[in-house]
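Asker: got a sequence here, can you model it:
(one chain, ligands or ions: 1)
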Amino acid sequence: MSFRDDGKNIAQVRGKLVHNGQRVSISISEGIITDITPDHAQEKSREENLFIAPGLIDNQVNGYMGIDFTEAGLTVEEIKKVTRALWKKGVTTYLPTLISNSPDRWTQNLKILAGATGDDEIGGSIPGFHLEGPYISPQDGFRGTHDKKWIRKPDWTEFEAFMEASGGHILQITLAPELNGALKFIRKLREKGIIVALGHHNASSEIIGRAVNEGASVATHLGNGCANFIHRHHNPLWPQLADDRLTASIIVDGRHLTNDEVRTFYKAKGAGNLILTSDITKFAGMQPGEYVWDGRKIQLTEDGYIRDVEQDVLAGSALTLDKGLENMTAFTGCPLATSLRMATQNPAKIYGFEDRGVIEEGKRADLILFDFDEGNLSIKQTIVNGNIVYHK
Ligand SMILES: [Zn+2]
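Answerer: Predicted coordinates for the structure are as follows:
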C-alpha cells in the first residue's frame, strides 16, 4: 500500500479511488501530493486493494475518549490523545469545539487549544476551532444540553477576547440569529472572515433570511438543537432547508436524525450542500452508565445514546465520523464517494482549506486507506501531511 522512505514519511501510496475504482499510485514529497498515476502492476496484494480517499474533516468535536475540550484542566497532552484517537477513525482534520461556559473557562481553554495548533505532532490536524454558543437560544429544547446560566446575548468585546485567547484560530461560531444584536454581530464576524453557523435557535423565516443576507452560511446539526415539539408550518427547519445559501451539517448516527430526515435533508440540500459531522463528546469511547458532566446529569446508554436526563435531549453523539459515512451511505443509498464528499471536500470548501479535502497534485497528503465491505468501513491506514499516523 504505502512505502516508507525515511522514518514515518512516505513517498508512495497505492490504492483504489473511491469514485471510479481506478487503482492509482500517489507520489508524495515533503508532505505534498506530487503525482497521481494509474497503477498497472499486475499482482495485487490484499493491501493494494484498499480504497484510498482524502482524510476526513470533522467540524464539531467536543471531545473524545473521556476528554472534554470545554472542561476545566484541559491539557495539550489530552488534546494529543484525542487527535491520535481520531486518526484511527480516519479523521485527519477537526475543529475542537467549545460549548457554552463561563468567559474565564473559554479563555483558559482557548489558550490551551491555541498551544495545540502549533504542536509539531498534532498541529496539522487542528486548523482552528468551532465555538458553539454562548450566544444561542436560552429556550429549553433549543438550547439542548447547553447550561442556561452561560447563555448570553452577543457581545463583541467578549468575542474579541476569545479571538485573542485562541491566537486568531476561531474558524466558526454557531449562534442564534434572533438574539438582540445578533444580525449586526454576524456582519462583523463575516468582516473578520469567520464562518457563521445558525444553531440552537428558534428564529423565524424572516430572521433566518436576514442572517443569511448578513453572511451566515452554515446550519449547525440541522434538525437538532431544536425543541422536541414545534409548529408544523412555522419552525426553524423549513427555512434552513429551503435556503440554498445554507450548507447544513448533519449528525448521521441514527439517533440525532431519523433515516427519513436524513434522506429528506439529502434531497433538499443535495450532495454539495451537506456536511457530515460527528458532534462527538467525551462520552464517545466511554463505558455506558450515569455521569455528571459539568453539573449536568448524563446517561450513556448501552446502544451509545448520550442523554441529558433533566432536559430529555441528546447531549452530543458517541459515533465517530467514519460511522457517519457508513450510515449516510446506508440511509440514502448514495454512493460512498458522495458520502465522502460531505466529510472531505465540502467542509474543506466551507472553511477555505485549499490544501486538503481532495486527492490532487499540490494538495497536502492527508489520506486514508480503508476496506469497505458490506457497508462496513474499516480504516487501515491514516496519513497526515505525508506521515503515517495510524497503521492497522
Ligand atoms: Zn449543539
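
Asker: tell me the buried residues in the longest helix along the chain?
Answerer: The longest helix of the chain (DSSP state H) is helix 103-117. Within helix 103-117, the residues that count as buried by 16 or more other Cβ atoms under 10 Å are R105, W106, Q108, N109, L110, I112, L113, A114, A116, T117. Heads up, the C-betas are built off the backbone N, CA and C, glycines and all.

Asker: that helix - contacts with which helices or strands?
Answerer: helix 76-87, strand 91-99, strand 129-132, helix 156-165 (3 or more Cβ pairs under 8 Å, 6 or more residues apart in numbering; DSSP states H and E).

Asker: tell me the angle it makes with helix 76-87.
Answerer: 60 degrees (axes from the mean of the first three to the mean of the last three Cα atoms, to 10 degrees).

Asker: okay, now the unreliable bits of the stretch 1-150 of the chain?
Answerer: Within the stretch 1-150 of the chain, the stretches with pLDDT under 70 are 1-8, 42-48.

Asker: output the longest helix of the chain in CSV, but only the C-alpha positions, please.
Answerer: Extracted in CSV, the C-alpha atoms of helix 103-117 (Å, rounded to 0.1, in the frame of the first residue of the first chain):
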residue,chain,number,x,y,z
PRO,A,103,-15.8,33.6,29.8
ASP,A,104,-12.9,32.5,32.0
ARG,A,105,-13.2,28.9,31.1
TRP,A,106,-13.4,29.6,27.4
THR,A,107,-10.4,32.0,27.7
GLN,A,108,-8.3,29.4,29.5
ASN,A,109,-9.3,26.5,27.2
LEU,A,110,-8.9,28.5,24.0
LYS,A,111,-5.3,29.4,25.1
ILE,A,112,-4.5,25.7,25.6
LEU,A,113,-6.1,24.7,22.3
ALA,A,114,-4.1,27.5,20.6
GLY,A,115,-1.0,25.9,22.0
ALA,A,116,-2.0,22.6,20.4
THR,A,117,-2.3,24.2,16.9
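
Asker: ok, and what's touching that helix?
Answerer: For helix 103-117, contacts defined as Cβ atoms under 8 Å, 6 or more residues apart in numbering pick out 69-70, 72, 74-76, 79-80, 83, 96, 98, 122-123, 126-129, 131, 134, 158, 161-162, 165-167, 169-170.

Asker: now do stretch 151-169
Answerer: Contacts of stretch 151-169 (Cβ under 8 Å, 6+ apart): 100, 103, 106-108, 110-111, 113-114, 117, 127-129, 131, 133-138, 143, 170, 173, 175, 179-182, 185, 188-189, 192.
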